[in-house]
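Visitor: Fold the following.
(chains A and B)
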Amino acid sequence: EPEVTQTPSHQVTQMGQEVILRCVPISNHLYFYWYRQILGQKVEFLVSFYNNEISEKSEIFDDQFSVERPDGSNFTLKIRSTKLEDSAMYFCASSVTKDTQYFGPGTRLTVL
Amino acid sequence: GIQVEQSPPDLILQEGANSTLRCNFSDSVNNLQWFHQNPWGQLINLFYIPSGTKQNGRLSATTVATERYSLLYISSSQTTDSGVYFCAVMNAGNMLTFGGGTRLMVKP
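Guide: Numbers count the residues shown, from 1 in each chain, chains lettered A, B, ... in the order given. This is a model prediction of the structure:
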């Protein structure tokens, strides 16, 4: 069964550094998403992406965040200058249309 | 924005017991999904159920959209059912709004 994959599974970085989280959505899906979950809290929406542009973003998704689909298979989330409070599990998801979203296994980001 | 409340927040069961988890939402929805977050943090799709009833093995779900709630039933629970169960809804745009989850522990 096709699935969403994410790399790396765990990333440790120093405060102020840039990180890029990578995702490979399911191949025939058209909508792509990033969510995050701070330890012990609920999952929060960051951004959705469709037709090579951002279709929706939350208040969390400020100027330090960006997304890109650099080729036909990868979908990336960049955090330009990481802060301690960016430490969280980041989930990528994809869907064919605006129905079932399938989530990847997550990247645990630790900012020191 | 839409509010999603799940109950109970915590649940402890003996293996073999049945349980019902509830999700209330504050507005009409066009998408509702139930997820199981396993101990490794992975979010596993259980159901896409904006309305009606579905069953998958020991799990079943019912959404009554007109009354703004959904129920997840777990029968004959097993220790592998332990984890956090999330309800997530979509009512505008294409973002899912998650509830706070129900943390389930099944004891052998």
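
Visitor: May I ask you to confirm that A:Phe49 is in contact with A:Asn74?
Guide: No: counting by C-beta atoms under 8 Å, A:Phe49 does not reach A:Asn74; the two are 11.9 Å apart. (Each C-beta comes from the backbone N, C-alpha and C, glycine too.)

Visitor: Have a look at the two and say which one is more surrounded.
Guide: A:Phe49 (23 against 13; other C-beta atoms under 10 Å in any protein chain shown).

Visitor: which regions of chain B sit below the pLDDT cut-off?
Guide: Low-confidence segments of chain B (pLDDT under 70): none present.

Visitor: show me the residues around B:Leu21 that make contact.
Guide: B:Gln6, B:Ser7, B:Pro8, B:Leu11, B:Leu71, B:Leu72, B:Tyr73, B:Ile74, B:Tyr85, B:Cys87, B:Thr102, B:Leu104 (C-beta atoms under 8 Å, 6 or more residues apart in numbering or on different chains).

Visitor: Identify the residue nearest the last one in space, chain neighbours excluded?
Guide: With sequence-adjacent residues excluded and distances taken as C-beta to C-beta, 6 or more residues apart in numbering or on different chains, B:Leu104 is closest to B:Leu11, at 5.0 Å.

Visitor: Equivalent analysis for the second one, please.
Guide: Spatial nearest neighbour of B:Ser7, chain neighbours left out: B:Arg22 (4.9 Å); criterion: C-beta to C-beta, 6+ apart.

Visitor: Tell me which residues are up against stretch A:32-44.
Guide: Identification of contacts with stretch A:32-44 by C-beta under 8 Å, 6+ apart yields A:21, A:23, A:25, A:45-50, A:58, A:60, A:67, A:69, A:75, A:77, A:85, A:87-95, A:101, A:103, A:106, B:41, B:43, B:86, B:88, B:94-96, B:98-101.

Visitor: Which parts of chain A are strands?
Guide: Assigned by DSSP state E, chain A shows strands spanning A:5-7, A:10-13, A:19-24, A:31-37, A:43-50, A:53-57, A:65-68, A:75-79, A:88-95, A:102-103, A:107-111.

Visitor: cool, and chain B?
Guide: Using DSSP E, the strands found in chain B span residues B:4-7, B:10-14, B:19-25, B:31-37, B:43-48, B:52-56, B:59-64, B:69-74, B:83-90, B:97-98, B:102-107.

Visitor: tell me which parts of chain A are close to chain B?
Guide: Counting by C-beta under 8 Å from any C-beta of the partner chain, chain A comes close to chain B at A:31, A:33, A:35, A:37, A:42-45, A:48, A:50, A:55-56, A:58, A:89, A:91, A:95, A:98-103, A:105-106, A:108.
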